[in-house]
Structures are given as C-alpha cells and as structure tokens.
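>>> just coords:
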C-alpha cells in the first residue's frame, strides 16, 4: 500500500517537475504562469493587456495565412456541392424537358387535327387584316352604349366587323361612315351575343344591360352556371370566331340573374382592333 | 553528401509538423462548420497535445503548448491563460500516464484521455460559467467531448502511421 502511494507521488512529481529534452520550463511553472495570466487578466492588469494586444496582432495577421488551406478545402467543398446540385437540377430539367416535348408534340397534333376537323365542317375562320383605330368618342346616351372610332369605309371597315381590346371582345361595328364608324358595345341593351359558358360548355346568349355588366339569358340550366365561370363566344352566329374571351360570371348563386363582368373596361378604351373572321378559302 | 543534407532537412521539417498542426489548429479552429452539421464538433488540439505528450513529448515543447493556449484564447475570446491551463493539465495527465504505463495500449490511452477531457471540460465549464460569467451550452460540450473521444482512435492511428512511416521515428510507441 505504502509502495503504490509512493509510486503515485513519484509519477505525479515527475509529470509536474521533470523537464524533457529541449524543455525550458517544467509543467508546474507553466501552469503557474497560466494562473497568473488568468488572475491578472481578470483584474485588467496593464502589462497583461499589452501582452493580449500583441498576441491579438500576431494572431489576427497569421490566422489569415493559416486559414488558406481550410478555406481552400471549404471552397472546394462548396464547388463540389454546387456541381452536385447542378447535376441533380440538370437531370430533373432533362426529364421535365422530355415531358414537355412529348406534350408539345401532342398539342401540335391536336391543333392540326382541330384545324382539319373544322375545315371538314366548314367552320374554320381566319382573321382579316387588323385595323387599329383610335376611340374618338365614348359619350353615348344612357340607353345606347357605343363608341365612335376614327376608321371608316375608306380604311376597309365594314358593317358587322368585330372590335376587340387586346384579346377581349368589345363589340361589333353597327354604323360605317367614310372616315369613322360606330361600335356597339357588349354592354348595350341591344347587344345579343351567342356565348359558351365554361367549364360546363353551356350555350347561351349574353345580353347587354345598359350598365357596365351583361347578363346570361335564354338558358334553362341557370343552376349549372357557377360563379367565376368564363364566358367565351360560341361562334354559332358565324360572325365571331369561337373562343374569344368576354368576361366572367360574378353573381351570387341564389339570384336567378347571372351577371357577367366584362374583362375589358369599356370606359377606358383608347384604341380598338377591328377585323372580321372569314372562312379559310384555301382549305 | 547533398542527398544526405536534403534528407536531414526533410526529416527536420517533418519533425516540426505536429507543432505546425497545433498552431494551425488553434489559429484556425478546425471545426468543419461549413459542412453544416449541427451535432458535430471536436477539439483537435486536445487530441494532438495528448497524443504527442504521451508518445513523443519532445515533438511539442510545453512552452509552445502554453503559447498555443494563449493564441487559442485570443481566437476563441476566452480569458487569456485559460486554454493554456487546460492544455497543460492535459500534458500533466499524459505525462503521468506515460510514467505509470509499462505496456502501452490504445484502449487504455483512450479511456485515460476520456477521463482527462471530462475533467478538463468540467473545469473549463466551471471556470467560464461561475468565475468569468460566460454562457456555455452544456449539450454542445457533451457533443464536443464525445466526438473528441471517438476521433482519438482515428487520429491516434494516423499519427502512429505518420511517425512510423513518414517521419521515420520508432519512438512513437
């Protein structure tokens, strides 16, 4: 027992006090220095502060150089990570592209098939040359909603031509002069347009009300018309091409009247496009 | 003659590698933060100091370890002298183990290393929390200790390989 305690004491003493080869200080003296540093540092001793400042200067300057290999590793890691991400994204994009290409081919087929079928039933219309005209006056009477445009028969405007604001239907030409023409707006009381209500595909008539909205008329399936349904021209009159967007159903379901909010704001029209749809003779 | 001189120079440089690694690790803090691993950190300096104090005490002088501790304090922002004290306690433990060991084995070294870093980190926690009023996350400390302990196996073998085959020393046992 006595011997083992002696061994422990000898080993500890040796660990603390024995200086190895090329060791200037023993561990005990260095531990003593550390404790002195700690105590003096905590009481803000001036000399320790100077030592601290000197070490900081050395450390901050040398840490930049020392961190070069780790920064290189870090940058390499990030580059590899980016490449890996790009590779993954590329794989994903490629599969998406393939998918879209196949869809595109299918679309092309559907379009050409649609054109062919329409030509068979003699319903394939093409647009005549577009006449862009300026709105001269939109101050109609309270009962007559129309606008006057600055293009007339001189420019090729004919009765029944279609007036559009961008891609939305606005109305049709009801009066043609030599240098001007009158467009009857869809909101006029006298305007009656054959339309399709989507997504149900119900055929109906859109009537103007004299206000800034239209109503769906002559349909027996009012309850099938949902709010927010889109109204398109049906093309049944032969005057308009089928599928021109007009407006959106905006009314509560309890009311029998189905109000249509037009996509185009008729009070803000500055220019309209005038053209007609003619049957494709080449087909 | 020139070849012999070159060999000596290379050997001299290789013998300084532990010291370079020590200063690089305290100046740079090899923590692999950029990997984005939340529950991973280890103290490379502890492994290096313990291994070399145990196996090849002349490679790292105690004075250099003391200075490295001061540098570490500046980098980390802890009170100056605290890391030096911890490093030196680690050296004392390693030196004691060297004195009492007749037949060295990695498992015994590891167990002793674990006990030592547990004591050191406890002292560090007590000193920082209760004396210097620093806030430390206890859970992070545990993770650090665990990984430092686990990685000792790996680094110990790496250092053995380096000492035996690259630096050409046979004393690292």
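Sure, I can see it. Predicted model only: the values in this text are computed from it and were never measured.
>>> and the residue of chain B found nearest chain A, what is it in contact with?
In chain B, the residue that lies nearest chain A is residue B:81 (3.0 Å; C-beta to the nearest C-beta). In short, each C-beta sits where N, CA and C put it, glycine included. Taking C-beta atoms under 8 Å, 6 or more residues apart in numbering or on different chains, we find residue B:81 in contact with A:33, A:34, A:35, A:36, A:37, A:38, A:41, B:69, B:70, B:73.
>>> Generate TSV for the residues you listed, with distance to residue A:8, pLDDT and secondary structure as supplementary columns.
Converted to TSV, the contacts of residue B:81 look like this (distance: C-beta to C-beta, whole Å; pLDDT from 0 to 100; DSSP: H, G, I helix; E, B strand; the rest coil):
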residue	distance to residue A:8	pLDDT	secondary structure
A:33	26	85	helix
A:34	24	87	helix
A:35	23	88	helix
A:36	28	88	helix
A:37	29	84	helix
A:38	28	84	helix
A:41	33	83	helix
B:69	27	90	helix
B:70	31	88	helix
B:73	32	85	helix
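>>> Mind putting the residues you listed into a markdown table with neighbour count?
What follows is the contacts of residue B:81, written out as a markdown table (neighbours: other C-beta atoms under 10 Å in any protein chain shown):
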| residue | neighbour count |
| --- | --- |
| A:33 | 18 |
| A:34 | 24 |
| A:35 | 15 |
| A:36 | 13 |
| A:37 | 24 |
| A:38 | 21 |
| A:41 | 19 |
| B:69 | 27 |
| B:70 | 24 |
| B:73 | 26 |
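>>> do you know how far the closest residue to chain B within the stretch 101-250 of chain A is from residue A:94?
The nearest approach of the stretch 101-250 of chain A to chain B comes at residue A:101, 36.9 Å away (C-beta to the nearest C-beta). Residue A:101 sits 10 Å away from residue A:94, going by C-beta to C-beta, to the nearest Å.
>>> Okay, buried residues for the lengthiest helix in chain B please.
The longest helix of chain B (DSSP state H) is helix B:2-28. Using 16 or more other C-beta atoms under 10 Å in any protein chain shown as the test for burial, helix B:2-28 gives B:15, B:17, B:18, B:19, B:21, B:22, B:23, B:24, B:25, B:26, B:27, B:28.
>>> Of all those residues, the one with the weakest confidence?
Among these, residue B:28 carries the lowest pLDDT, at 72.
>>> Report the secondary structure state of the residue of the stretch 101-250 of chain A closest to chain B.
Using DSSP: H, G, I helix; E, B strand; the rest coil, the structure places residue A:101 in helix.
>>> Can you name the residues of chain B that neighbour chain A?
B:23-24, B:27-28, B:30, B:34-35, B:57-58, B:61-63, B:65-66, B:69-71, B:74-75, B:79-82, B:84-85, B:88-89, B:91-93, B:95-96, B:99-100, B:131-132 (C-beta under 8 Å from any C-beta of the partner chain).
>>> what's near enough to touch the closest residue to residue B:67 other than its chain neighbours?
Spatially, and ignoring its direct neighbours in sequence, residue B:67 is nearest to residue B:84 (7.9 Å; C-beta to C-beta, 6 or more residues apart in numbering or on different chains). By C-beta under 8 Å, 6+ apart, residue B:84 lies in contact with A:30, A:33, A:34, A:37, B:65, B:66, B:67, B:68, B:69, B:70, B:73.
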